[in-house]
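*Asks:* quick one, structure for this:
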Amino acid sequence: MTTNTPATRNAADHPLHTTPFTARADAREVIEGVDLTGRRAVVTGGASGIGAETVRALAEAGAEVTVATRRPETAEPLVRELAAVDGAGPVRTAPLDLSDLTSVDAFVRNWRGPLDILVANAGIMALPERTLTSRGWETQLATNYLGHFALATGLHPSLRAAGSARIVAVSSGAHLNAPFDFDDPHFEHRPYDPWTAYGQSKSAGVLLVAGARRWAADGITANALNPGYVLTNLQRHLDDDTMRAFGVMDDDGNVTPLPYYKTPAQGAATSVLLAASPLLEGVTGRYFEDNQEAPIVTDAEDPTGGVAAHAVDPAAADRLWEYATQALRTP
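*Replies:* As a prediction, this is how the structure comes out:
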């Protein structure tokens, strides 16, 4: 059962949810014994890395999983792998480019029936130069947040139809250093910084789940998470000097995770926990890391973990929801 520790409270004045799983638990471990037969899930960016491990765990527990990815052919090996697993639910692919609203709209139009689980996992990180989508949106914000917002709101009727649906937003500890800038979200006036842009997009993802409290009456819960340090394709835009500065590349170009890094299966554990564990039934609007709810922290604390107060502020969440809604309406 989920245990609450009254002595550990955050700024929202509720006991933090804890689970029996450690930071090293993997995705299969956190839902061992859970039967997801008959439940339907969408995992964005599910062809590789943390997303692929999320797909594996959900499908092996019996769920029907759609891998929504920009290049569906890259997920075909995973589809074939899981088709050979006894008891695994069916896995299919569908094209989805989150930076392109036409693609998001097509995915939504093609979806049929209820949706039990939406894992907003896809993302890009630290693009070295400011790039814009066809709608003039900064690409990291467009992909990591606005595209997922359009997907979640577009699929809202299907989530509502499930009766007890869950949304999971994969965020990052990088959100701690970058509140959402309502005055200049696309870096039109301030100097572009790759990490500020990434952090802002991840703060927006946490604010999305805070704003989704308006869907509670529809039986929809939404939570965000930090998967921890994991080497995946997410680092593809980082140059060698940055990778060496992080300590994960040697002088010969060999990439090796540091001791505190997680495997992709361990990085996916918190996603799967929030998506499918009965321990999180009815829990919504929270932020987790290492399979536990994280406390709210302030900038003054110079935090290295937890969730920033700016990312769970209800007023900011509502303002961002309205901003995103208007942005989707503007050609």
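*Asks:* burial count for the nearest residue to residue 131 once chain neighbours are set aside?
*Replies:* Among residues not flanking residue 131 along the chain, residue 139 sits closest, at 4.6 Å (C-beta to C-beta, 6 or more residues apart in numbering). C-beta here means a position set from N, CA and C on the backbone, and glycine is covered the same way. Residues lying near residue 139 (other C-beta atoms under 10 Å) number 18.
*Asks:* ok, now the one 3 residues further on?
*Replies:* Burial of residue 142 is recorded as 27 neighbouring residues (other C-beta under 10 Å).
*Asks:* ranges for the helices of the stretch 151-300 of the chain?
*Replies:* Along the stretch 151-300 of the chain, counting by DSSP state H, counting those that start in this stretch, helices occupy 156-162, 194-211, 240-245, 264-267, 269-276.
*Asks:* what ranges do the strands span in the stretch 201-331 of the chain?
*Replies:* With DSSP state E, counting those that start in this stretch as the criterion, the stretch 201-331 of the chain has strands at 220-226, 287-289, 292-293, 296-297, 307-308.
*Asks:* low-confidence ranges, the stretch 51-200 of the chain, go.
*Replies:* Nowhere does the stretch 51-200 of the chain drop to pLDDT under 70.
*Asks:* if you set the cut-off to 90 instead, what comes out?
*Replies:* 124-128, 195 (pLDDT under 90).
*Asks:* same question, the stretch 201-331 of the chain
*Replies:* Those would be 228-262, 298-304, 330-331, if you go by pLDDT under 90 across the stretch 201-331 of the chain.
*Asks:* the helices of the stretch 151-300 of the chain: which one's closest to residue 303?
*Replies:* helix 194-211 (12.8 Å; C-beta to C-beta).
*Asks:* keeping just the C-alphas, turn the closest one into CSV.
*Replies:* These are the backbone C-alpha positions of helix 194-211, laid out as CSV (Å, rounded to 0.1, in the frame of the first residue of the first chain):
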residue,chain,number,x,y,z
PRO,A,194,19.6,25.8,-25.0
TRP,A,195,19.3,24.8,-21.3
THR,A,196,16.9,27.6,-20.4
ALA,A,197,14.7,26.6,-23.3
TYR,A,198,14.8,23.0,-22.3
GLY,A,199,14.1,23.7,-18.6
GLN,A,200,11.2,26.0,-19.5
SER,A,201,9.6,23.3,-21.6
LYS,A,202,9.9,20.8,-18.8
SER,A,203,8.4,23.3,-16.3
ALA,A,204,5.5,23.6,-18.7
GLY,A,205,5.0,19.9,-18.6
VAL,A,206,4.6,19.9,-14.9
LEU,A,207,2.2,22.8,-15.1
LEU,A,208,0.2,20.8,-17.6
VAL,A,209,-0.6,18.1,-15.0
ALA,A,210,-1.4,20.8,-12.4
GLY,A,211,-3.8,22.4,-14.9
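*Asks:* the one residue sitting closest to the centre of the chain pairs with what?
*Replies:* Closest to where the C-alpha atoms of the chain average out (C-alpha atoms, centre = their mean) is residue 170, at 1.8 Å. Beta-bridge partners for residue 170, by DSSP bridges, are residue 225.
*Asks:* pretty sure it contacts residue 205?
*Replies:* Yes - the pair residue 170 / residue 205 is scored as a contact, 7.4 Å apart, by C-beta atoms under 8 Å.
*Asks:* now do the shared contacts for the two.
*Replies:* Residues touching both residue 170 and residue 205 (C-beta atoms under 8 Å, 6 or more residues apart in numbering): 120, 224.
*Asks:* which of the helices of the stretch 151-300 of the chain sits closest to residue 256?
*Replies:* helix 240-245 (10.4 Å).
*Asks:* isn't residue 93 up against residue 70?
*Replies:* No - applying C-beta under 8 Å, one finds residue 93 not in contact with residue 70, separated by 10.8 Å.
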